[in-house]
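Undergrad: Quick one: sequence and predicted model below, then my questions.
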Amino acid sequence: MKSSQMFTVPSRDLTKPLYPTLAEIGEKFRVAAWTLSGLGVLMLAIGLATNPAHAWANVLTTAFNLACVGLGGLFLLAIQSTTGARWSDPILKAHRAMPALLPIAGLMMLTLWLGADHIYPWAGPEAHADHVLKGRLIWLNRPFFFGRILLFFGLWILLGRRLVERGKGSAVFILVFGVTFVLANFDWIMSLEPAWNSTIFAIYGFSGMFLQGIAIVTISAIVLRRVGLLPAISKAQNHDLGKLLFAFSCFWAYIWLSQFLLIWYANIPEETAPIRLMLHSSWTPLFYLNLVLNFGLPFVMLLQRKAKTNESVLMVACFIVLTGHWLDLYLMVLPPVLKGAAPAFGASEAGGILLQFGLGHMACWPVFMKNVDPAQELPQGG
Amino acid sequence: MAPDDHTSALSGAGLIEDQQDRGYGHVLPLIEGDKSYSQVTEEVFSTTERMPPLKWWLALSVSLSLLLLGVWAITQTVTRGIGTWGLNRTVGWAFDITNFVFWVGIGHAGTLISAILFLFRQRWRTSINRAAEAMTIFAVMCAGMFPIIHMGRPWLAFWATPYPNTRGPLWVNFKSPLLWDVFAISTYFIISLTFWYLGMVPDLATMRDRARSKLRKAVFSVFSLGWNGSNRTWSRYETVYMLLAGLSTPLVISVHTIVSMDFATSVIPGWHATIFPPYFVAGAVFSGFAMVLTLMIIARKVMDLEEYITLRHLEAMTKVIIATGMIVGMAYGTEFFMAWYSGNSFERYVFINRALGPFKWAYWSMVSCNVIIPQLFWIRRVRTTPWMIFILSIFVNIGMWFERFVIIVTSLHRDYLPSSWAMYSPTFIEVAIFLGSFGLFFTCFLIFTRLLPVIAASEVKGVLKHGEH
Amino acid sequence: MGSIDRMAPTRFRASFAEPGLLLEAVKRLKADGYHVIDTYTPFPVHGMDEAMGLKPSRLPRACLAFGLLGLAIALGVQIWTSAYDYPLIVGGKPLVALPAFVPVSFELTVLMAGLGVVATLFVVSGMRPKFKVPDLHPGVNDDRFVVAAEIRAGASYAELQAMLAGLGALDTELLTVDRLEKDSSLLDREATPLAFILSFIPAVLVLMALPLLNRDYLQRNITWDGGMMVPVAYQSFDPHPSLPGGQVLQTPPKGTVPRNGLVPLPYGPGQAEAERAGRELKNPLLPTQDHFSRGKLVYERSCAACHGKDGDNNSSVIVAKGLLAPAVLVAPVVKNMPDGRIFHVATFGGPQKMKGLGDLISREDRWKVVLYIRELQKAAAPKPLPASAPAPGPGVQP
């Protein structure tokens, strides 16, 4: 297909069904989503029986990633609402669907109560004897930790609903999000490493979350255009999405480098341990792969203007970014849980990934369908 | 001068633009006074062709006096040595590096307005970008001055560049953040200057066409590079302008990142924090926008540019100030939390000492000027009242200067060993050099406002009747 | 082409007040089969590239190429200087420390890409200082939007004028002067082969002038300021006012460890310490001929003046002058002392008058002296003490 044809506005004329309609896709996806989720739960159960620490770490990765998807959508919505940006109006559907994942992610986070002592060094009784952890127990203890989880998800869901449904409170959401997301990153991920801390950590988490959000929005915009439900999407809009993806891939790399370079340069023992493990162990290939997926490949692929407007290139780049973000989280969560052991992919990983796909579709699809229903008036963005 | 404007979906991404388009009640026009193209030409360029008014001369004499004071103080420093400053063990960096970081930060808003807002097609940048870019260049000049004086033998500053020499195989240390600074600041200066000049070429052609004296004609003929408004050239010119904007955006981020690494690569408590790069960049934008506001509010009053630099411009900038101010506040909080969380007693001490130690006055000045006072910008009346914006912008300028002072001096004046604790207070010479840098900045800026078009006329013409095409 | 133009004007231009009108006129002229040479506007008119049929510029590629060049130069210079030409380990980092090279590489990439693409723009668009600007409509940098086109063969200029006026043209004029001729700068003249040859003259002149300078190119570069080559500091042994007596070279403080690697002796002066040394120290040297002759030399230089050449005070200078009575080294008292104790005395001095010679005689030489004294004792026949010498005290009287 010539590139000029790629961007012709598809007509709503369904006598020429070039692509399946959204309803057909939705039906297929619903079945697939249930199957995937079921399989995912099964695999995780197998993992829990065989290697609980490994499995709980994957539950955390999955829950955090789902929360990131939801927050990514909400944050994009809030940003464009405060700046009054109009360009993304036609692709708002995905933004509005993504927050539907937050309750599920919250529930999954709460199940960690059962497995906290497997993965969090502060959750076990030996933490009282550790000279570093001892001082943190006032902040990192089960009731307070899970109370915070409840609070954060409650705030996100509440403010998110207000934002999605009525287009209000975007500034408040951004403020609350700023504080809670920072603490969530410190709580859920950074506390896995007993002696380690990094002030940029939450911004690093944010850069990955935002990049992933843009990738998901881009994918859904392209899919919707292909099935003819977003006629307003033009080449220029693709270009804008491509530019955003490119820019935030660079932003992710910038934050990554800031953290890595400063720790590498200062070489303070308690800071370098996790990075040493990454640089000198069997994790090393994954460490570099993370850089390639989140920055290297998207950068090279999207450097040219022509590539940024090409839907196929954009789709591939988005899927690379999604894989990259999962790997990024995986590399934050698993090494401290495995305590320096080599990476091992098993039932738990497969379960976590399947569950993400399954739950992702299950939660988002109904909202998504409602939002793109051509019969329904498009909700006015704030 | 936004390219492919009508085809692009981002075209309406303007902060306030959209509210106008959506029929919100609160609308402020971009350019006031319903002007024609030739009216814009006349109003922008005639100021450069007349003798300046008395108020301009008064302003120039004040800033020239400050500049002379600075020159005297620098002469003292160079001839008598760095001993004329209040530096000591362990406070080896104080006023000069504070001023360096302060001025680099001021410069960042200019690039942000000229490059990043251009990429996001924020049209409100058009009437302020020229002056903001000029501000960048002058601010970087002021910033670059400080490390060079601090060398003690400023005439040997070129030793900081890698050049083949007769001292055997001897090269600069590429692993030093201070050398990264040399590259970052000089690249930033050169690219900003190029960007500024390139953006000015069409306006220089207008000046050439309007010139009456032979000398003026010759000078502007040289600098306008034979510009004749050809569309073929415009087409390439816009491509290059866009590319330069695309290059300047990561460049401006890299510059303050590298400045932050001067501190963060060390192991000094209070300096070694991974959050420093993005935190410094946000702070730089914050302080830079405050300085742009300070200057623009004076300039629009003194030069009668109220119809070009309108309340819309001012209001949009106050919003950027709120946003970046919140980021800076978050960074302060994160640092405190992490100092406690880390359990590192030195780290904890540094932060307690900042808030409660001998420099607590500086710390609390910083917090109130940077975090508390800008919250007034949530009130729309404050955002649209120039004198209030002016006062608040001054507060932000002060606060951001104190931020750098607090970071540098409070971390240095308490060493690991209490026997090595010291205090710092600036000498008259140091204060005079700081005032001198303001003199340099304002002298350059005042001369610029009379020599060159302060407003990018060709860009303003492009947005004058936007919506018609 | 220029010559044809001069014979009959084939170009014209028309100016408009609004960009929209210009755009319409260009579209109309194109549709009517006119060749639009260019348009001239005070700001870029959107949609004009498409109307004129201009392709997107290829300047981004130049930008990329220059950027990559900058990156290559930066990485090359950093790796070569830091790891090969001047390998210096800094901060415990490897010689090729790529993370530390990122900032400078980034800066140079941006610098080269930016300067390179602007330079390319200047070259391809012919932007350079010009005192006469070709095709300049007086209002173009103010408020006029101008189109220049060639008259289609067989078209009437009057009809064209009427059409353009109908489209809103403010003025229409024929361009009588050729573009090339109008831009009459010397630099714009067509270059001939002769010019090519002539262009080498300056280079040849410079090369010819070099020997005239008669310089030794191996000598140190000229610097206009001596900088650190001319020290402003004091010379090492110049008297310094802040030191007692102006003396620069001071006695090292007590307990200063010499740099030759010797461990300080763990003994101090005094009787108890001397006895401890006697118990603990053993002569580390074997009585070889070499050690013996060195010991003899040192003994005769440093000890014999007081203790006598044979250790019996017979040739002692101070005994002859009647000043003091040093210990008789060959006496049984000394003979029964352990080596360590004699060594301690040689180092820290005796209980009465003798000063320690530890600062003057090296540790090794003192042990050799001990060896030599033992030889003296073996050689000496028992003799009566000189009458003037006091009886040896209960302790040692070396």
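TA: Cool, got the structure. Numbers count the residues shown, from 1 in each chain, chains lettered A, B, ... in the order given.

Undergrad: Below-threshold pLDDT in the stretch 101-250 of chain B: ranges please.
TA: Across the stretch 101-250 of chain B, nothing is flagged by pLDDT under 70.

Undergrad: what about the helices in the stretch 1-150 of chain A?
TA: A:3-6, A:22-50, A:52-83, A:92-97, A:102-119, A:131-136, A:142-166 (DSSP state H, counting those that start in this stretch).

Undergrad: And the one helix or strand B:Trp361 maps to, what does it pack against?
TA: Secondary structure from DSSP states H and E places B:Trp361 in helix B:360-367. On a contact count with 3 or more CB pairs under 8 Å, 6 or more residues apart in numbering or on different chains; DSSP states H and E, helix B:360-367 meets helix B:345-356, helix B:386-405. Every residue, glycine included, has its C-beta placed from N, CA and C.

Undergrad: and whichever helix or strand comes after it, what other elements does it pack with?
TA: Past helix B:360-367, further along toward the C-terminus, the next helix or strand under DSSP H and E is helix B:380-383. Secondary-structure packing of helix B:380-383 (3+ CB pairs under 8 Å, 6+ apart): helix B:311-342, helix B:386-405.

Undergrad: So for chain C, which of these sits nearest?
TA: Taking CB to the nearest CB, helix B:311-342 is the member of the helices and strands packed on helix B:380-383 nearest to chain C, at 19.1 Å.

Undergrad: one step back: for chain B, which of the helices of the stretch 1-150 of chain A is the nearest?
TA: Evaluated over the helices of the stretch 1-150 of chain A, closeness to chain B peaks at helix A:131-136, with 4.7 Å, by CB to the nearest CB.

Undergrad: Show me what the closest one is packed up against.
TA: Using 3+ CB pairs under 8 Å, 6+ apart, helix A:131-136 is in contact with no helix or strand.

Undergrad: element containing C:Met112, please.
TA: Per DSSP H and E: helix C:98-124 holds C:Met112.

Undergrad: Which secondary structure elements does that helix sit against?
TA: Helices and strands touching helix C:98-124, as assessed by 3+ CB pairs under 8 Å, 6+ apart, comprise helix A:235-266, helix B:177-210, helix B:231-264, helix C:59-79.

Undergrad: if you compare these, which one is most tucked away?
TA: Comparing the helices and strands packed on helix C:98-124 by mean neighbour count (mean count of other CB atoms under 10 Å in any protein chain shown), helix B:231-264 ranks first with a mean of 24.

Undergrad: if we can go back for a sec, ranking the helices of the stretch 1-150 of chain A by mean pLDDT, which is last?
TA: Mean pLDDT is lowest for helix A:3-6 among these, at a mean of 42.

Undergrad: that older thread, so can I have a markdown table of the helices of the stretch 1-150 of chain A showing distance to B:Asp96 and mean neighbour count?
TA: Shown next, in a markdown table, are the helices of the stretch 1-150 of chain A (distance: least, CB to CB, whole Å; neighbours: other CB atoms under 10 Å in any protein chain shown):
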| stretch | distance to B:Asp96 | mean neighbour count |
| --- | --- | --- |
| helix A:3-6 | 56 | 10 |
| helix A:22-50 | 59 | 16 |
| helix A:52-83 | 38 | 24 |
| helix A:92-97 | 48 | 25 |
| helix A:102-119 | 49 | 18 |
| helix A:131-136 | 38 | 16 |
| helix A:142-166 | 44 | 17 |
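
Undergrad: who's in contact with B:Ile408?
TA: Listed by CB atoms under 8 Å, 6 or more residues apart in numbering or on different chains, the contact partners of B:Ile408 are B:Trp93, B:Ala94, B:Ile97, B:Thr98, B:Val101, B:Phe263.

Undergrad: Can you get me a residue count around the nearest residue to C:Arg144 once chain neighbours are set aside?
TA: Excluding the flanking residues, the one nearest C:Arg144 by CB to CB, 6 or more residues apart in numbering or on different chains is C:Ser15, at 4.4 Å. By other CB atoms under 10 Å in any protein chain shown, 24 other residues sit near C:Ser15.

Undergrad: if we can go back for a sec, listing partners with orientation, what would you give for the helix or strand just after the helix holding C:Met112?
TA: Where DSSP H and E defines the elements, the next helix or strand beyond helix C:98-124 is strand C:145-150. Using DSSP bridges, strand C:145-150 pairs in its sheet with strand C:11-16 (antiparallel), strand C:35-40 (antiparallel).

Undergrad: C-alpha coordinates for the first one, CSV please?
TA: Extracted C-alpha coordinates of strand C:11-16, given in CSV (Å, rounded to 0.1, in the frame of the first residue of the first chain):
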residue,chain,number,x,y,z
ARG,C,11,9.3,38.2,-16.5
PHE,C,12,6.9,40.2,-14.4
ARG,C,13,6.0,40.6,-10.8
ALA,C,14,2.8,41.6,-9.0
SER,C,15,2.3,42.5,-5.4
PHE,C,16,-0.6,41.9,-3.1
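
Undergrad: Can you pull out the residues in contact with it?
TA: Applying CB under 8 Å, 6+ apart, the set of residues contacting strand C:11-16 is C:5, C:22, C:25, C:37, C:135, C:137, C:139-140, C:144-151, C:157, C:160, C:164, C:167-175.

Undergrad: can you rerun that using 7 Å?
TA: C:22, C:25, C:37, C:137, C:139, C:144-151, C:164, C:168-175 (CB atoms under 7 Å, 6 or more residues apart in numbering or on different chains).

Undergrad: Counting neighbours, which of those end up buried?
TA: Among the contacts of strand C:11-16, the ones that count as buried by 16 or more other CB atoms under 10 Å in any protein chain shown are C:22, C:25, C:37, C:137, C:139, C:144-151, C:164, C:168-169, C:172, C:175.

Undergrad: On the three-state scheme, the residue lying closest to C:Ser236 once chain neighbours are set aside is what?
TA: Nearest residue to C:Ser236 in three dimensions, chain neighbours excluded: C:Val248, at 6.8 Å (CB to CB, 6+ apart). Classification of C:Val248 using DSSP: H, G, I helix; E, B strand; the rest coil returns coil.

Undergrad: and if you look at B:Met51?
TA: Under three-state DSSP, the three-state class of B:Met51 is coil.
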